[in-house]
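**Q** Fold the following, please.
(chains A and B)
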There are 2 protein chains.
Amino acid sequence: MSNRSMRKREAILQAATELFLTREYSGTSMEDIAVAAAVSKQTVYKHFSDKLTLFREVALGSVEHVSRDFQSQVASVAEAPDVPAALRDLARSYVNAVMNPMLLRRRQLVLREAGRFPDLARTYYDSGPRRTISVLSTAFARLAHRGELAIDDPRTAATQFAFLVVGEPLDTAMFRGAGRRRRRSELDALAEAGVEVFLAAYGRKRETKRPRGPGNANR
Amino acid sequence: MSNRSMRKREAILQAATELFLTREYSGTSMEDIAVAAAVSKQTVYKHFSDKLTLFREVALGSVEHVSRDFQSQVASVAEAPDVPAALRDLARSYVNAVMNPMLLRRRQLVLREAGRFPDLARTYYDSGPRRTISVLSTAFARLAHRGELAIDDPRTAATQFAFLVVGEPLDTAMFRGAGRRRRRSELDALAEAGVEVFLAAYGRKRETKRPRGPGNANR
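**A** Residues are numbered from 1 along each chain as shown, chains lettered A, B, ... in the order given. Down below sits the predicted model:
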């Protein structure tokens, strides 16, 4: 796809997101979307064969993309030398990715249209939030194996990590709409506070109760 | 209100919840609701002057009620002699209250209609989730003052407690609909695992690193 064509595609997706949110799926036509994106109706149809296809792309397109980025960062945390620092970095980029205004709008849209498109809401959930938990579980199992975290149940720990880091800002945004944007510093502080709680429960400092042996003298 | 009248009111609220969810607000009439609740249209109007009033009651009625119950339980936790046990009890009743199927349906409805009724979504959020965090903050501040929890920032700790306990089941339910109900034992286990993480971060066992003095000999 040419750059120009890519830019048009993005403009269509963005216009469609806003129209679906303000007028609902049923109240939005392909023509409305063309007008809002400042392209011809023909261009809209060139990129998306019908309204349902466009809606699916709006709802699911970016979540899969963001998931892939997140996945590779999590994989590197599993092998990081300084695990607490790597978890803090991960938490900050996680909350900032999830709170991206366009992603938030798409998540709202999926929830709002979950009655009309229950399968789409399920697919969104499986390829977004649920996949994140799975990827985190795998990393935490590896970190437990490396002796870096004291975790018996990686899936529960992954769920707790996720909700400690993104739970509140995400939930608040679903009810409050796109209105108030959280400052990056506020999100970072939330993420770091969440990681502290997580490390208090699962971090290596538990071991400091035991006498220090040669194996952990340089911590 | 007589018992019979109360039962009719409940039947109307329940029928309205399901209809608003399946046909949306705009696609539901007072007549539909009367038919589904097996009452006369006149009875519906006797209880609710118009569709918007009924919708508001469906969306906000129970959240305020549940909040009040929760509030009094939290207040007693603040003065409990065995704080870890009281927090476990609180967490279990919190997650089970929030996951009540009728409440979940109403929460879904508020999210689905948040585009049409942004003020209502905000009011819901303030009288439900946000109020819960406030009430928990007050209790945690008191527990920190009593020396039972080591908390510097009660509001952050309250948010973390809430999302550790109800975050995942609530979020999953919003995407997956009323389909799969979580077993009570599963919710209890989740709640307890959340409390363990919370106590690892904020519980008194931090103090066990210090030598025991007479003041805490009987723990």
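
**Q** Flag every buried residue along the strand or helix carrying A:Val95.
**A** Taking DSSP states H and E as the criterion, A:Val95 maps to helix A:83-98. Neighbour-count burial for helix A:83-98 flags A:83-84, A:86-92, A:94-96, A:98 (criterion: 16 or more other CB atoms under 10 Å in any protein chain shown). C-beta coordinates here come from the backbone N, C-alpha and C atoms, glycine included.

**Q** ok, then the element right after that helix?
**A** That would be, after helix A:83-98 and using DSSP H and E, helix A:101-112.

**Q** Where does the prediction get shaky in chain A?
**A** Chain A contains residues with pLDDT under 70 at A:178-180, A:205-219.

**Q** domains for it, by residue range?
**A** Domain segmentation of chain A under automatic domain parsing yields A:1-49, A:61-207.

**Q** among those, which is nearest chain B?
**A** Evaluated over these, closeness to chain B peaks at domain A:61-207, with 3.4 Å, by CB to the nearest CB.

**Q** residue closest to the middle of chain A?
**A** Geometric centre of chain A, nearest residue: A:Val98, 4.0 Å, by CA atoms, centre = their mean.

**Q** Chain neighbours aside, what residue packs nearest to it?
**A** Of all residues not flanking A:Val98 in the chain, A:Val166 sits nearest, at 4.9 Å (CB to CB, 6 or more residues apart in numbering or on different chains).

**Q** And stretch A:51-59, how far out from the chain middle?
**A** Centroid separation for stretch A:51-59 versus its chain: 19 Å, with CA atoms, centre = their mean, to the nearest Å.

**Q** mind checking how far the helix holding A:Val95 is from the chain centre?
**A** 12 Å.

**Q** Report the angle between it and helix A:101-112.
**A** With axes from the mean of the first three to the mean of the last three CA atoms, to 10 degrees applied, the angle from helix A:83-98 to helix A:101-112 works out at 70 degrees.

**Q** Would you mind writing the CA trace of helix A:83-98 as CSV?
**A** Extracted in CSV, the C-alpha atoms of helix A:83-98 (Å, rounded to 0.1, in the frame of the first residue of the first chain):
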residue,chain,number,x,y,z
VAL,A,83,13.9,-7.9,37.1
PRO,A,84,12.4,-5.2,39.3
ALA,A,85,13.7,-2.5,36.9
ALA,A,86,12.4,-4.4,33.9
LEU,A,87,9.0,-4.9,35.5
ARG,A,88,8.8,-1.1,36.2
ASP,A,89,9.6,-0.4,32.6
LEU,A,90,7.1,-2.9,31.4
ALA,A,91,4.4,-1.5,33.6
ARG,A,92,4.9,2.0,32.4
SER,A,93,4.8,1.2,28.8
TYR,A,94,1.8,-1.1,29.3
VAL,A,95,-0.3,1.5,31.0
ASN,A,96,0.7,4.2,28.5
ALA,A,97,-0.1,1.9,25.5
VAL,A,98,-3.5,0.9,26.9
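
**Q** Alpha carbons only: can I get stretch A:156-175 in CSV?
**A** Taking C-alpha atoms only, stretch A:156-175 is exported to CSV below (Å, rounded to 0.1, in the frame of the first residue of the first chain):
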residue,chain,number,x,y,z
THR,A,156,-3.1,-15.5,39.0
ALA,A,157,0.1,-13.4,39.4
ALA,A,158,-0.2,-12.2,35.8
THR,A,159,-3.8,-11.2,36.4
GLN,A,160,-2.9,-9.3,39.5
PHE,A,161,0.0,-7.6,37.8
ALA,A,162,-2.3,-6.5,34.9
PHE,A,163,-5.0,-5.1,37.1
LEU,A,164,-2.6,-3.4,39.6
VAL,A,165,-1.1,-1.6,36.6
VAL,A,166,-4.0,-0.8,34.2
GLY,A,167,-7.2,-1.7,36.1
GLU,A,168,-8.3,1.7,37.5
PRO,A,169,-7.4,4.1,34.7
LEU,A,170,-8.9,1.8,32.1
ASP,A,171,-12.1,1.2,34.1
THR,A,172,-12.5,4.9,34.8
ALA,A,173,-12.0,5.8,31.1
MET,A,174,-14.8,3.4,30.1
PHE,A,175,-17.3,5.3,32.3
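
**Q** Just to check, A:Val66 is in contact with A:Arg106?
**A** No. The pair A:Val66 / A:Arg106 is not scored as a contact, 10.1 Å apart, by CB atoms under 8 Å.

**Q** In terms of packing, which of the two has more residues around it?
**A** Ranked by neighbour count (other CB atoms under 10 Å in any protein chain shown), A:Val66 and A:Arg106 place A:Arg106 first, with 23 against 18.

**Q** which ones are touching the residue nearest to A:Asp188 when sequence neighbours are not counted?
**A** Excluding its sequence neighbours, the residue lying closest to A:Asp188 (CB to CB, 6+ apart) is A:Arg92, at 5.1 Å. Contacts of A:Arg92 were listed using CB atoms under 8 Å, 6 or more residues apart in numbering or on different chains, and they are A:187-188, A:191-192.

**Q** Buried among those residues? Make that a PyMOL selection.
**A** If you want just the buried ones from these in PyMOL, going by 16+ other CB under 10 Å, the selection is:
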select buried, chain A and resi 187+188+191
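
**Q** what's the longest helix in chain A?
**A** helix A:51-77 (DSSP state H).

**Q** That one to helix A:83-98, inter-axis angle?
**A** 170 degrees.

**Q** roughly how far is helix A:51-77 from the heart of the chain?
**A** Offset of helix A:51-77 from its chain centre (CA atoms, centre = their mean): 8 Å.

**Q** Which neighbouring elements make contact with it?
**A** With contacts taken as 3 or more CB pairs under 8 Å, 6 or more residues apart in numbering or on different chains; DSSP states H and E, helix A:51-77 sits against helix A:3-23, helix A:30-37, helix A:83-98, helix A:101-112, helix A:118-127, helix A:129-145.

**Q** what's the closest of those helices to B:Ala114?
**A** Of all the helices and strands packed on helix A:51-77, helix A:101-112 sits nearest to B:Ala114, with 6.7 Å by CB to CB.

**Q** Just the residues contacting that closest one, thanks.
**A** Contact with helix A:101-112 is made by A:14, A:17-18, A:20-21, A:24, A:58-59, A:62-63, A:66, A:97-98, A:117, A:120-121, A:124, A:128, A:170, A:173-174, A:177-178, A:181, B:111-115, B:174-175, as judged by CB under 8 Å, 6+ apart.

**Q** give me that answer again for 6 Å
**A** By CB atoms under 6 Å, 6 or more residues apart in numbering or on different chains, the list of residues contacting helix A:101-112 from outside reads A:17, A:20-21, A:59, A:62, A:121, A:124, A:173, B:111-112, B:115, B:174.
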